[in-house]
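sequence-free structure coming up:
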């Protein structure tokens, strides 16, 4: 049982950070979302959000694509297969840890 | 933390319903379906004077079924397209763009499976029909409760409750109650086709009103962005 919550020690720290966890959770739920949506949902500043997205992009978890819809620029973010797998793994670890902790109580 | 993740997932999913366009489009489609049923009913009435063994009766009946199915298929296709177009103009520049993954397409079933499915559906429909007929004749339940508008209203109400629960959207519970009330009102008018038409129009109006209120509130809260030229996301 202890192994279950010790599994959290090996959890992906890139995803574990709260702001990035919210970003990956949103992108896991949808096919893609733009910068404006992520900005509004996370409540981060533009600079902060850009920095977190860059880290996720560097890790190969997120693909960022800039395009124009007419004259309007749109920055689209999408979770890659690796990002999706990393998020699922993180969620499983979290679930196991929560279950083992509730078993202790 | 796990429940926080679930909350973010639910919040992201319900973004589709945040601006009221889905309700507005569903309401419009329901009213159109009601009008469609009225037109088809007129077609059935037109065949009344024909003798029972006239082949034209079959032709008209077949035309009614094909037209009803075509109406449903075209309506459902237009629904999502219309909502998407409205969101493109109003919602995405204000609160951001989200593309939802298309639902997974099931593998096409083999012919024996399709036949088995058809037989199963027919069997279940026949059993359900005979149960309804027995209950109706036994007098256990009032006949209006087993009527066409009532079954439509209960089915739509059930679907709205499930959607409201999945998305954590309490207004859908209210819409479910209104669906049942609209069905009861329609059943008072007529128990068959006309009642179904009445229900569709009434529920369509309810959805239009709900969508308009939600859209009005959304537009008051979210003004178009001014900081970036052309409303870009500045990412």
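Noted; the coordinates are in hand. Please read all numbers here as calculations on a predicted model, not as lab measurements.

Now the residue nearest to the spatial centre of chain A: closest residue in space that isn't a chain neighbour?
When CA atoms, centre = their mean is applied to chain A, the residue found nearest the centroid is residue A:24 (1.8 Å). Distance criterion CB to CB, 6 or more residues apart in numbering or on different chains; nearest residue to residue A:24, sequence neighbours excluded, is residue A:87 at 4.9 Å. Every residue, glycine included, has its C-beta placed from N, CA and C.

what about that neighbour, how many residues close to it?
Per other CB atoms under 10 Å in any protein chain shown, the neighbour tally for residue A:87 reads 20.

quick check, residue A:74 in a strand?
Yes: per DSSP: H, G, I helix; E, B strand; the rest coil, residue A:74 lies within a strand segment.

gap between the nearest residue to it once chain neighbours are set aside and residue B:17?
Distances taken as CB to CB, 6+ apart place residue A:34 nearest to residue A:74, at 5.2 Å, with adjacent residues excluded. Distance of residue A:34 to residue B:17, computed by CB to CB, to the nearest Å: 19 Å.

low-confidence ranges in the chain?
All of this refers to chain A. A:1-8, A:103-105 (pLDDT under 70).

oops, I was thinking of chain B
B:1-2, B:52, B:102-108, B:125, B:128-129, B:132-133, B:135-146, B:226-235.

Do a quick rundown of the strands in it.
B:98-99 (DSSP state E).

Report how many residues lie close to the closest residue to residue B:92 other than its chain neighbours.
Sequence neighbours aside, residue A:34 is the residue nearest to residue B:92 in space, at 7.5 Å (criterion: CB to CB, 6+ apart). Counted with other CB under 10 Å, the neighbours of residue A:34 add up to 23.

Need the three-state assignment for the residue nearest to residue A:24.
Under three-state DSSP, residue A:87 comes out as helix.

Now do it against residue B:82, distance only.
With CB to CB as the criterion, residue A:87 and residue B:82 are 33 Å apart.

ok, now residue B:177?
27 Å.

Residue A:83 too?
Taking CB to CB, one finds residue A:83 at 32 Å from residue B:82.

Same check on residue B:15?
18 Å.

more crowded one of those two?
residue B:15 (22 against 16).

now the more buried one, nearest residue through space, not along the chain?
Nearest one to residue B:15, counting by CB to CB, 6+ apart, is residue B:98 at 5.7 Å.

repeat for residue A:17
Closest to residue A:17 by CB to CB, 6+ apart is residue A:52, at 7.6 Å.

At the contact with chain B, which residues of chain A appear?
A:21-22, A:25-26, A:28-41, A:46, A:49-50, A:53, A:64, A:66, A:69, A:71-76, A:91, A:94-95, A:98 (CB under 8 Å from any CB of the partner chain).

Among the residues you listed, name the ones in helices.
A:21-22, A:25-26, A:28-29, A:35-41, A:46, A:49-50, A:53, A:91, A:94-95, A:98 (DSSP state H).

Quick check on the residues you listed: which are buried?
Among these, the ones that count as buried by 16 or more other CB atoms under 10 Å in any protein chain shown are A:21-22, A:25-26, A:28-29, A:35-39, A:41, A:49-50, A:53, A:91, A:94, A:98.

Would you mind confirming that residue B:86 makes contact with residue B:21?
Yes: between residue B:86 and residue B:21 there is a contact under CB atoms under 8 Å: 4.7 Å.

So the two - more neighbours on which side?
Between residue B:86 and residue B:21, residue B:21 has the larger neighbour count (other CB under 10 Å), namely 22 against 17.

so who does that one touch?
B:83, B:86-87, B:90-91, B:211, B:215 (CB atoms under 8 Å, 6 or more residues apart in numbering or on different chains).

how about those in CSV, adding distance to chain A?
Shown next, in CSV, are the contacts of residue B:21 (distance: CB to the nearest CB, whole Å):
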residue, distance to chain A
B:83, 16
B:86, 15
B:87, 12
B:90, 13
B:91, 10
B:211, 21
B:215, 18
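
quick one: which of those has the most company?
residue B:91 (25 neighbours).

Grab the nearest non-local neighbour of that residue.
residue B:19 (4.8 Å).

Number of residues surrounding the one you found?
Neighbours of residue B:19 using other CB under 10 Å come to 24.

Same check on the one 10 residues further on?
The local packing of residue B:29 (other CB under 10 Å) involves 22 other residues.

Next, the contact list for it, please.
B:75-76, B:78-79, B:204.

go again using 10 Å as the cut-off
B:36, B:71-72, B:74-76, B:78-79, B:82, B:200, B:204, B:207 (CB atoms under 10 Å, 6 or more residues apart in numbering or on different chains).

Could you do residue A:44 as well?
A:19, A:22-23, A:38, A:50-53.
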